[in-house]
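In: I'd like to go over a predicted model; first the sequence, then the structure.
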Amino acid sequence: MQIQSAFGAGLQGLQRASNGISEETLNINRQTTLNRQQQQQQVDAAQDQQAQVDATARPQQAAPATDVTQSLVRLEQQELSAQANVRSLRTADEMLGSIIDIRV
């Protein structure tokens, strides 16, 4: 039984999950900023034209919402991965503690 490999795998998995969480957080932030800029541009264009925009002429924002949704799903996946790796680290720690108690 190799306790060190369990610790190593748990730490590597936790680091990957942490990196993934950071990446998805940045993606969500970028997309939100882009959406706000697009909305401001639309407001500015509407004010410049002094025209009313009917509901059918409004630009669709389904793609940005989908991107944010996908990023949120991936963020949740990374969170679950981090939790699983923390559990594996706890288990490896408990096993090592049990081995030390048995040998003493």
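Out: Happy to help now that I have it. Numbers count the residues shown, from 1 in each chain.
In: what about this structure, any weak spots by pLDDT?
Out: 1-4, 50-66, 103-104 (pLDDT under 70).
In: In it, where's the longest helix?
Out: Counting by DSSP state H, the longest helix found in the chain is helix 3-49.
In: From the contact counts, what lies against it?
Out: helix 62-103 (3 or more C-beta pairs under 8 Å, 6 or more residues apart in numbering; DSSP states H and E). For glycine as for every other residue, the C-beta is placed from the backbone atoms N, C-alpha and C.
In: and the angle from the helix it packs on to helix 3-49?
Out: 160 degrees (axes from the mean of the first three to the mean of the last three C-alpha atoms, to 10 degrees).
In: Which elements pack onto helix 62-103?
Out: Using 3+ C-beta pairs under 8 Å, 6+ apart, helix 62-103 sits against helix 3-49.
In: Any idea which residue is closest to the centre of the chain?
Out: The residue lying closest to the centre of the chain (C-alpha atoms, centre = their mean) is residue 75, at 2.3 Å.
In: can you pull the contacts of it?
Out: Under the criterion of C-beta atoms under 8 Å, 6 or more residues apart in numbering, the contact partners of residue 75 comprise 20-21, 24-25, 28.
In: do you know how far it is from residue 5?
Out: 29 Å (C-beta to C-beta, to the nearest Å).
In: same check, this time on residue 101
Out: 21 Å.
In: Tell me, how many residues neighbour residue 92?
Out: 20 (other C-beta atoms under 10 Å).
In: Please report the distance of the spatially closest residue to it that is not a sequence neighbour from residue 87.
Out: The shortest distance from residue 92 to any non-neighbouring residue, by C-beta to C-beta, 6 or more residues apart in numbering, is to residue 6 (3.8 Å). Going from residue 6 to residue 87 by C-beta to C-beta gives 11 Å.
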